[in-house]
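In: Test case, fold it:
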Amino acid sequence: MSRPKLARAAITPGEPAAIYCRISHTKDEDQTGVDRQERICREIAERLQLRVESAHIYVDNNRSAWQRNRKRPGWDEMLKTMGDGDIRHVIVYHPDRLMRQPRDLEELLSIADDKHILLHGEANRRDLSDPDDRFILRIEVAHACRSSDDMSRRLKDALKDKAREGNPHVGNRPYGYTRDGRAIVEKEAEIVREVYRRYLDGESPNHLAQDLAARAIPTSKGKTWNPENVRHLLSSHFVAGLRFHLGEEVAVGTWPAIIDRGQWDEVQRLREYRAQQHRDTKKRPPRNYILRGVATCACGVRMAGTNAGRYAYYRCNRADEIGQQKCNRAVVAGPLEAFVRDVAIKVLTKLDTTGYEPATTTRPQADVVADEKDRAKLDELKELWLNDDDFTTADFQSMRAPILKRMKERQRKTVKRPVAVLEGIAGPDAEANWERLERKEDYARMNAIYRFLFAAVVIRPPTRKGRGFDTDRVDIRPNPLD
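Out: Model prediction:
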């Protein structure tokens, strides 16, 4: 037996009502402006003979209703007014202007249960105390939420595809580039190269910002440089022609690089080293682990500096990995650093850097041509995927992957470590020059030299027991210097 339908709630002329208007900052299918929404809602109120006070008109302009953590001041204030019993009607252009999350509807219904609120739209009205109307509203809100989720997923997929193709993603104009990010502004590019070079030479972002400000050199927004601007420039993957997506490198960019990959990598390692130094100074006693990024366990994992009891150690990082077999290999820091220091000084004493070229900022023409051909192939694949129903997404991704890998390998091939790090150090006076760095406590420079000279300092299991440093467990692997 069917349940009898409840009678529609009566409307008494002059009852208090509220109007709610909202427009999202995103491209909704319906972008009816808040002014027009308010006009339509006022016409509804006039037709129903409802009273709307100016204090009961609530507007959320450029507010998304489906972002779960986004505040809507107008919505919150209206709920409070409803709870206080000051209104009996809510008028909206359409229910999706009011709510797109199921929790919004449930919050509204919980208040309506006590206050018997009626909801009015352009085409209909809902009695929020009527089970059938509540059921229909829940379906409408669930549909709106699903539509928003689908739109969000499509947008994320499109952005990911754009990133994998190496296309630039620019908001504000990148310093050193035109507005679209595809051409270099040479005057600014010279400043970019200068900042990277001076940072590798040991200057701080603070000092660099002060110098740029004193020279009246503006940022891309025409403002004065500050340390944060400099740090942002030093971390920018855009100037190295690298395409990142959600913090992950996904492709070689289709725009020209100002800084070559080798110099950019070196700056990132130096930034991390200095940041770790800063963190270490907050601990007691302070200790600089100058083999950070070089000391490597024989299991293949980088070793981290740590204090344990009376001594400082380099310890395998795999000891901290959850779900993996722990390694726990460690070596006392002091004797290891002294041993590597002696090896480095011997290499530096015999090393002649005459004729070494500084890190380049342009790629070989053959690689540029090869990249252009590969980008054309990517465009052809995309067209095929869009227009041929038999060409599946799996086919597209499997054929695109080796092309992207090829482009990435070409980029990595051109990496040159900046030889400037050896300036004033290598040669017959290498030991005296090294001691000068030690007196200045220039640990970052010493670490950079170690990373230039050595691909890794590998720590193997001990070969003997007893006191004394076991040099046989240390395998120093040099970097090629040509």
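
In: what about residue 74, distance to residue 189?
Out: 47 Å (C-beta to C-beta, to the nearest Å). C-beta coordinates here come from the backbone N, C-alpha and C atoms, glycine included.

In: cool, and residue 231?
Out: Applying C-beta to C-beta, one obtains 19 Å for the distance of residue 231 from residue 189.

In: One more: residue 46?
Out: Distance, residue 46 to residue 189, using C-beta to C-beta: 63 Å.

In: how about the helices of the stretch 151-300 of the chain, start to end?
Out: According to DSSP state H, counting those that start in this stretch, the stretch 151-300 of the chain carries its helices in the segments 186-200, 205-214, 227-235, 261-281.

In: Make CSV from these and add mean pLDDT to it.
Out: CSV is the format used below for the helices of the stretch 151-300 of the chain (pLDDT from 0 to 100):
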stretch, mean pLDDT
helix 186-200, 93
helix 205-214, 94
helix 227-235, 94
helix 261-281, 79
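
In: on that earlier part again, just want to know which of residue 46 and residue 189 has more residues nearby.
Out: Residue environment comparison for residue 46 versus residue 189 gives the larger neighbour count to residue 189, 19 against 10, counting by other C-beta atoms under 10 Å.

In: From what I see, the more buried one and residue 258 are in contact.
Out: Yes: judged on C-beta atoms under 8 Å, residue 189 makes contact with residue 258 at a distance of 4.7 Å.

In: list the residues that contact both of these two?
Out: The overlap between the contact sets of residue 189 and residue 258 (C-beta atoms under 8 Å, 6 or more residues apart in numbering) consists of residue 176.

In: Would you map out the domains in this structure?
Out: For the chain, the domain assignment from automatic domain parsing gives the residue ranges 16-152, 178-255, 260-361+414-482, 365-413.

In: Surely residue 306 and residue 315 touch.
Out: Yes: using C-beta under 8 Å, residue 306 is in contact with residue 315, at 5.1 Å.

In: For those two, indicate the residue with more neighbours.
Out: Each of residue 306 and residue 315 had its neighbours counted (other C-beta under 10 Å), and the higher figure belongs to residue 315 (21 against 15).

In: Who are the packing partners of the host helix or strand of that one?
Out: Assignment of secondary structure by DSSP states H and E places residue 315 within strand 311-316. Of the remaining helices and strands, those touching strand 311-316 by 3 or more C-beta pairs under 8 Å, 6 or more residues apart in numbering; DSSP states H and E are strand 303-308, strand 330-332, helix 333-350.

In: Now do the strands in the stretch 1-150 of the chain.
Out: 16-23, 51-61, 89-92, 118-120, 125-127 (DSSP state E, counting those that start in this stretch).

In: First-to-last residue distance for stretch 246-261?
Out: Distance between the boundary residues of stretch 246-261 (C-alpha to C-alpha, to the nearest Å) amounts to 20 Å.

In: which of the residues in that stretch are buried?
Out: For stretch 246-261, burial by neighbour count (16 or more other C-beta atoms under 10 Å) applies to 250-261.

In: next one: stretch 291-301
Out: Using 16+ other C-beta under 10 Å as the burial criterion, the residues of stretch 291-301 that qualify are 291-297, 301.

In: can you list the weak-confidence ranges in the stretch 201-350 of the chain?
Out: For the stretch 201-350 of the chain, applying pLDDT under 70 flags the ranges 277-287, 308-309, 319-325.

In: What ranges does the stretch 351-482 of the chain have for its strands?
Out: Remark: strands assigned in the stretch 351-482 of the chain by DSSP E, counting those that start in this stretch are 454-459, 474-478.

In: which helices and strands sit right next to the first one?
Out: Just to be clear, that refers to strand 454-459. Secondary elements touching strand 454-459 (3+ C-beta pairs under 8 Å, 6+ apart): strand 295-297, helix 333-350, strand 474-478.

In: for the helices and strands packed on strand 311-316, which one sits closest to residue 408?
Out: Distances from residue 408 to each of those were compared using C-beta to C-beta; the shortest belongs to strand 303-308, at 27.6 Å.

In: So which elements touch the closest one?
Out: Using 3+ C-beta pairs under 8 Å, 6+ apart as the contact criterion, the secondary-structure elements in contact with strand 303-308 are strand 295-297, strand 311-316, strand 330-332.

In: please redo it, this time with the cut-off set to 10 Å
Out: helix 261-281, strand 295-297, strand 311-316, strand 330-332, helix 333-350, strand 454-459 (3 or more C-beta pairs under 10 Å, 6 or more residues apart in numbering; DSSP states H and E).

In: what angle do the third one and strand 454-459 make?
Out: If you take axes from the mean of the first three to the mean of the last three C-alpha atoms, to 10 degrees, strand 311-316 sits at 110 degrees to strand 454-459.

In: Could you list the buried residues of strand 311-316?
Out: Of all the residues in strand 311-316, those buried under the rule 16+ other C-beta under 10 Å are 312-316.

In: Need the residues you listed in CSV (columns: distance to residue 42).
Out: Putting the buried residues of strand 311-316 into CSV (distance: C-beta to C-beta, whole Å) gives the following:
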residue, distance to residue 42
312, 74
313, 74
314, 73
315, 71
316, 71
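
In: which among those residues gets closest to residue 384?
Out: Here the nearest of these to residue 384, counting by C-beta to C-beta, is residue 316; it sits at 47.7 Å.

In: residues near residue 177, how many?
Out: Close neighbours of residue 177, defined as other C-beta under 10 Å, add up to 23.

In: how close does it get to residue 215?
Out: Residue 177 is 21 Å from residue 215, where distance means C-beta to C-beta.

In: about what we covered before: just the buried residues of stretch 246-261: which are in strands?
Out: 250-252 (DSSP state E).

In: Who are the contact partners of the closest residue to residue 385 other than its chain neighbours?
Out: Taking C-beta to C-beta, 6 or more residues apart in numbering as the measure, residue 385 lies nearest to residue 396, with 4.2 Å between them; neighbours along the chain are not counted. When the contact criterion is C-beta atoms under 10 Å, 6 or more residues apart in numbering, the partners of residue 396 are 161, 378, 381-382, 384-386, 388.

In: Which one of the residues you listed sits in the busiest neighbourhood?
Out: Going through those with other C-beta under 10 Å as the criterion, the one with the most neighbours is residue 378, at 21 neighbours.

In: I'd guessed that one sits against residue 402; true?
Out: No: contact status for residue 378 versus residue 402: not in contact, 11.1 Å apart, counting by C-beta atoms under 10 Å.

In: if we can go back for a sec, how about the contacts of residue 396 in TSV, adding pLDDT?
Out: As requested, the contacts of residue 396 are arranged in TSV below (pLDDT from 0 to 100):
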residue	pLDDT
161	70
378	83
381	84
382	80
384	83
385	80
386	76
388	80
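
In: can you tell me which of those lies nearest to residue 367?
Out: If you rank those by distance to residue 367 using C-beta to C-beta, residue 378 comes first, at 16.1 Å.

In: measure the closest one to residue 407 for me?
Out: With distances defined as C-beta to C-beta, the gap from residue 378 to residue 407 amounts to 9 Å.

In: Same question for residue 179.
Out: Computed as C-beta to C-beta, the residue 179 to residue 407 distance reads 25 Å.

In: And for the closest residue to residue 236 other than its chain neighbours, the neighbour number?
Out: Nearest non-adjacent residue to residue 236, counting by C-beta to C-beta, 6+ apart: residue 174, 7.1 Å away. Burial measure for residue 174: 22 neighbouring residues, criterion other C-beta under 10 Å.
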